[in-house]
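Chemist: what's the 3D shape of this:
(one chain, ligands or ions: 1)
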Amino acid sequence: MSIGTTIAKKRKALGFTQKELADRLKVSFQAISKWEKGISNPDVELLPALAEILGTTVDALVGYRSPILADYEERYQNSDYYWGIEPNRLCYDIMRLRPPVKPYRVLDIGCGEGKDAVFLARNGYQVSAMDIAEKGLEKGRILAEKCNTYVDFFKADIADYRLTKKYDIIFSSGVFHFLRPELRDDIFENLKKNTSEGGLHAMNVFVSKPYVKRVPGKKGDRFEWKSGELFMRYHDWHMCRIDEELFDCNSGGIPHQHCMDIMVAEKR
Ligand SMILES: C[S@@+](CC[C@H](N)C(=O)[O-])C[C@H]1O[C@@H](n2cnc3c(N)ncnc32)[C@H](O)[C@@H]1O
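Modeler: Residues are numbered from 1 along each chain as shown. Down below sits the predicted model:
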């Protein structure tokens with residue numbers, strides 16, 4: 001889709017006239033009209049403001065999809081659920097440690113097609129779930145509807161998403177190796193800060209081990225953690241579960257192994 005078509009689509013979805021959008025951007029409405037007709041394109045300096053007004057990202061405006069996003073969008077195209085619909089075992093840890101006696105606010109980071117978010121919502125938690133892959137979110141919404149429950153699914157990138165309100169439980173499975181290591185301090189400080197007292201973090205991360213070969217064909221956009229690194233980040237919380245597991249995987253059709261650190265920690 002061209003940038004002009006995207007602008008027109010988003011503008012109309014938000015109910016703005018060309019004049020209203022032009023006023024907010026401090027350009028002429030003829031400029032907007034030209035962009036939407038494909039006669040010219042907006043200046044690069046205008047893109048961040050334009051993306052913000054239209055509730056999107058610069059990447060989405062210019063039609064850029066990272067290789068990771070393209071990979072997951074493709075995996076989620078099929079009507080089958082790529083990761084199945086059985087919940088992760090961490091969800092049972094959450095239910096055991098914080099039975100849903102009240103609607104605890106849960107955030108699922110990198111929710112994929114929403115199996116864990118939907119499972120928790122069905123069981124009485126108040127769940128928000130984010131992912132970068134729109135197709136996964138769409139399938140999550142369908143799954144929630146089929147299960148007669150509701151999850152607030154939204155699109156966000158872990159690299160630039162920061163919490164501005166508190167959650168009681170933060171869950172994430174198989175996602176943080178997509179975060180560049182230099183961003184970990186900032187992101188985890190934000191997640192820990194925005195967790196209520198007595199709240200839980202239930203997470204796993206892929207870790208590197210000398211005896212586990214790198215997954216064949218994977219490019220340098222995945223950043224495995226050091227063994228134990230996740231646990232160290234929670235030295236000031238109470239550890240409810242710590243595990244390290246080696247398991248077989250066949251994703252991509254090539255048998256290989258992964259090692260994962262798994263943790264449930266409680267804020268005290
Ligand atoms: C291995 S899948 C796990 C999905 C889900 N948590 C599950 O266990 O079924 C990794 C997920 O991380 C998402 N992801 C990758 N990079 C991301 C980013 N920068 N921001 C948000 N989500 C991202 C992918 O779209 C994908 O859905």
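Chemist: against residue 107, how distant is residue 116?
Modeler: For residue 116, the distance to residue 107 equals 11 Å [Cβ to Cβ, to the nearest Å]. All C-beta spots, glycine's among them, are computed from the backbone N, C-alpha and C.
Chemist: helix or strand for residue 259, which one?
Modeler: Using DSSP states H and E, residue 259 maps to strand 256-266.
Chemist: so what does that strand touch, helix or strand wise?
Modeler: helix 89-97, strand 195-207, helix 229-232, strand 238-249 (3 or more Cβ pairs under 8 Å, 6 or more residues apart in numbering; DSSP states H and E).
Chemist: buried ones in the first one?
Modeler: It stands for helix 89-97. For helix 89-97, the neighbour count (16 or more other Cβ atoms under 10 Å) marks 90-91, 93-95 as buried.
Chemist: now the two most distant members of those residues.
Modeler: 90 and 95 (9.9 Å; Cβ to Cβ).
Chemist: hang on, the earlier thing: list residues touching both of residue 116 and residue 107?
Modeler: Listed contacts common to residue 116 and residue 107 are residue 171; contacts here mean Cβ atoms under 8 Å, 6 or more residues apart in numbering.
Chemist: same drill for the two, tell me which one is more crowded.
Modeler: A direct count of neighbours by other Cβ atoms under 10 Å for residue 116 and residue 107 places residue 116 higher, at 28 against 24.
Chemist: from the buried residues of helix 89-97, which is closest to the ligand?
Modeler: Distance to the ligand, by Cβ to the nearest ligand atom, is smallest for residue 90 among these, at 9.4 Å.
Chemist: show me what contacts that closest one?
Modeler: Going by Cβ under 8 Å, 6+ apart, the list of residues near residue 90 reads 116, 171, 173, 202-204, 262, 264.
Chemist: pLDDT wise, what is it at?
Modeler: For residue 90, the pLDDT comes out at 98.
Chemist: count residues in the vicinity of the residue lying closest to residue 49 once chain neighbours are set aside, would you?
Modeler: Once flanking residues are discounted, residue 49 sits nearest to residue 25: 6.1 Å by Cβ to Cβ, 6 or more residues apart in numbering. Residues contacting residue 25 under the criterion other Cβ under 10 Å number 16.
Chemist: what about residue 25, distance to residue 90?
Modeler: Taken as Cβ to Cβ, the span from residue 25 to residue 90 is 44 Å.
Chemist: ok, back up a step: which of the helices and strands packed on strand 256-266 sits most buried?
Modeler: strand 195-207 (a mean of 21; mean count of other Cβ atoms under 10 Å).
Chemist: by contact count, what packs against that one?
Modeler: Strand 195-207 packs on helix 89-97, strand 167-172, helix 229-232, strand 256-266, going by 3+ Cβ pairs under 8 Å, 6+ apart.
Chemist: run the last query once more with 6 Å
Modeler: Packed against strand 195-207, as judged by 3 or more Cβ pairs under 6 Å, 6 or more residues apart in numbering; DSSP states H and E, are the following elements: helix 89-97, strand 167-172, strand 256-266.
Chemist: between helix 89-97 and it, find me the angle.
Modeler: Interaxial angle, strand 195-207 versus helix 89-97 (axes from the mean of the first three to the mean of the last three Cα atoms, to 10 degrees): 150 degrees.
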